[in-house]
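> sequence unknown, structure follows:
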Ligand SMILES: Cc1cc(-c2ccco2)c2oc(N)nc2c1
């Protein structure tokens, strides 16, 4: 891992029973795909603080009761030395109404009909673990942004 430079990111889910709030990325990295809310962990903040901040910025709702860590993902890209170390969280609660931002258009989806064809290709591999309350650790090596060359995914009991 020494030749790779790893940057820390968060993804945070807002879940209400069998509905999941996702955001349509309107610009920038991941544009045109539905994803959980997240972004870079800035200097001086913990991943949990970053997750709460990104939910507020991107979905316009406030997290209540903090976030629970549910997964860790490592994304690498063929021919590119940067790696994305993504901490995945689930909010224990939220307040407010999801609101479109410059970055994201939020929308509720039934967990039984998620738009996987409009999401990152790794999602259909690890979402099922998250959706049944499991915790996971996975790494995905991409060619570009659409093709996964190799992957390793495991369910874990604790972090
Ligand atoms: C390569 C990659 C990156 C991200 C990402 C962007 C910001 C935070 O994570 C993903 O998110 C998902 N679900 N798959 C992803 C693949």
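On my side now, so go ahead. From a predicted model like this one, the values you see are computed outputs, not experimental measurements.

> State whether residue 124 is indeed within a strand.
No - judged by DSSP: H, G, I helix; E, B strand; the rest coil, residue 124 forms no part of a strand; its state is helix.

> Check it and give its pLDDT.
Listed pLDDT for residue 124 reads 98.

> beta partners of residue 35?
Beta bridges link residue 35 to residue 23 when assigned by DSSP bridges.

> cool, and the one 4 residues further on?
When assigned by DSSP bridges, residue 39 has beta-bridge partners residue 10.

> Next up, the contacts around it.
Residue 39 sits next to 9, 10, 50, 54, 57, 58 when contact means Cβ atoms under 8 Å, 6 or more residues apart in numbering. To be clear about C-beta, it is placed using only N, CA and C from the backbone, and glycine gets the same treatment.

> and the helix or strand hosting residue 51, what does it pack onto?
In the assignment (DSSP states H and E), residue 51 maps to helix 47-59. Counting contacts by 3 or more Cβ pairs under 8 Å, 6 or more residues apart in numbering; DSSP states H and E, helix 47-59 is packed against strand 5-16, strand 19-25, strand 37-40, strand 62-63, strand 67-77, strand 80-91, strand 104-110.

> quick one: buried residues of it?
47, 48, 50, 51, 52, 53, 54, 55, 56, 58, 59 (16 or more other Cβ atoms under 10 Å).

> Throw the residues you listed into a markdown table and include distance to residue 3 and pLDDT, thanks.
Formatted as a markdown table, these follow (distance: Cβ to Cβ, whole Å; pLDDT from 0 to 100):
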| residue | distance to residue 3 | pLDDT |
| --- | --- | --- |
| 47 | 24 | 98 |
| 48 | 29 | 98 |
| 50 | 26 | 98 |
| 51 | 28 | 98 |
| 52 | 33 | 98 |
| 53 | 31 | 98 |
| 54 | 29 | 96 |
| 55 | 33 | 97 |
| 56 | 36 | 96 |
| 58 | 32 | 95 |
| 59 | 36 | 96 |
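
> can you list contacts of stretch 86-99?
8-15, 21, 36, 38, 41, 47-48, 51-52, 55, 59-75, 106-108, 130, 136.

> nope, stretch 54-65 is what I meant
Contacts to stretch 54-65, defined as Cβ under 8 Å, 6+ apart, come from residues 10, 12, 14, 21, 23, 37-39, 51-52, 91-101, 103-104, 106.
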